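Peer 1: Starting from these lines, generate the structure:
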Amino acid sequence: MAKKHTFEQAMETLENIVQELESGDLALEKAMHRFEEGIKLSKFCSDKLDETEKKITLLTGNADGIVSEDPFFDDDVNE
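Peer 2: So this is what the prediction gives:
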């Protein structure tokens, strides 16, 4: 993954790779290359999600530094 991706671009590329691999139309060597690329993109996306989760946790801490782990979405909003 030489170029920089946004999370959304990486997910889109990863979805395309999965479709290519599932089709079974790729030669073995090309399939392995795409698989390796997919693994790198998967790790990139996972790292971005972890980083975002840490930022959200930091931002939701109170003035005393105590973090409460509340659900991101409130189910009562739609009622």
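
Peer 1: In this protein, where is pLDDT below threshold?
Peer 2: Within the chain, the segments meeting pLDDT under 70 span 1-3, 61-63, 65, 67-79.

Peer 1: where's D47, which helix or strand?
Peer 2: helix 28-59 (DSSP states H and E).

Peer 1: for that helix, packing partners?
Peer 2: Helix 28-59 sits against helix 7-23, with contacts defined as 3 or more CB pairs under 8 Å, 6 or more residues apart in numbering; DSSP states H and E. From N, CA and C alone the C-beta is placed, and that goes for glycine too.

Peer 1: now the helix it packs on against helix 28-59, angle please.
Peer 2: Put simply, helix 7-23 runs at 150 degrees to helix 28-59, going by axes from the mean of the first three to the mean of the last three CA atoms, to 10 degrees.

Peer 1: Tell me which other helices or strands helix 7-23 touches.
Peer 2: The contact analysis (3+ CB pairs under 8 Å, 6+ apart) places helix 7-23 against helix 28-59.
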